[in-house]
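Student: what shape does this take:
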Amino acid sequence: MTVKNVNIPLPALVAELVGTFVLATVALTIGQPLLVGLVLIVLVFGLGSISGGHFNPAVTFGLWSVKKVEAVKMGFYWVSQFIGGIFALFVSQLFKGEQTNISLASFSSFDPKIVGAELIGMAIFTFVIISVVQRKSSEGVQAAAIGLALMTGLYVGGGLLNLAIQNASTGTKEAPRVTKVEGVIINPAIALASTEKDSQAALQQQLMGGESKAEKKTPASRFTLETTVGPLAGAALGANLYMALAGVNPFAKKKAVDTNVPTSVKNSSKKSKK
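Tutor: Model prediction:
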């Protein structure tokens, strides 16, 4: 498939959908950064040669920010990645016997600490991705480095967020925003499939000693301004920071190769023929 002179192979879109689905399923059902990182190693090694192994809208955005991906291609990749995330949510809900639905009630939420943790974690992740891509490392090295980088980003961002949660004031009537989330996600597609912790419902259940009406509500998705702005900004920061440190200007115009034969060469060739 070609759109605006950009080749977008269908197998690449399918690979992004499948890879994001698998990664999101592991993140939703297990959630341990170590295991999520190991799964990403397998996915990048298995599908990287087909699509590049992004499986994350923020990764695609970071690559676009340093001119490694065309804007049109980024849009198609985003569609595949978000569909993969939604499929992971619906499949996990079916296995849990729940209704398949999504609540975007918290989309406008914007806690600077959550944004900062997402940004830092994603910047670390993307910095390593660009480094292995720029150095053209082998497929095995790329897969291992990218998987370990994701694990590192999740641990660093999650650790910072835990500090914010520990110091959050719980004296107010409404629970602080940071107490409603658990760890960083650094992947908008997985954020769409993830849900917040319902702290208030849990507290009410403990006090009343039974089920609460709030518990029956669909938990709000973690797809918010925090989990979109943070990772996208972090991806652009990490990608461009590596390029700057490596002394590479992705926006520099490539010099055109002069294919014309110099006049002096033409004249000398004519003389030799004579």
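Student: not counting sequence-adjacent ones, nearest residue to Ala123?
Tutor: Closest residue to Ala123 apart from its sequence neighbours, by C-beta to C-beta, 6 or more residues apart in numbering: Gly238 at 3.7 Å. Glycine gets a C-beta too; all of them are placed from N, C-alpha and C.
Student: what's the local residue count around the one you found?
Tutor: 30 (other C-beta atoms under 10 Å).
Student: the closest residue to Phe251 other than its chain neighbours - how many residues pack around it?
Tutor: In space, and not counting its chain neighbours, Phe251 is closest to Lys67: 7.0 Å by C-beta to C-beta, 6+ apart. Residues near Lys67, counting by other C-beta under 10 Å, number 13.
Student: where does Lys67 land in three-state SS?
Tutor: Three-state assignment for Lys67 (DSSP: H, G, I helix; E, B strand; the rest coil): coil.
Student: now stretch 45-62, how far from the chain's geometric center?
Tutor: 9 Å (C-alpha atoms, centre = their mean, to the nearest Å).
Student: and the longest helix for this structure?
Tutor: The helix that spans the most residues within the chain, counting by DSSP state H, is helix 139-166.
Student: next, the buried residues of that one.
Tutor: By neighbour count on 16 or more other C-beta atoms under 10 Å, the buried set for helix 139-166 is 142-158, 160-161, 164-165.
Student: now swap in stretch 233-244 and tell me
Tutor: Neighbour count says stretch 233-244 has Ala233, Gly234, Ala235, Ala236, Leu237, Gly238, Ala239, Asn240, Tyr242, Met243 buried, by 16+ other C-beta under 10 Å.
Student: just how off-centre is it within its chain?
Tutor: Distance of stretch 233-244 from the chain centroid (C-alpha atoms, centre = their mean) equals 14 Å.
Student: quick one: mean pLDDT for it?
Tutor: Averaged across stretch 233-244, the pLDDT comes to 97.
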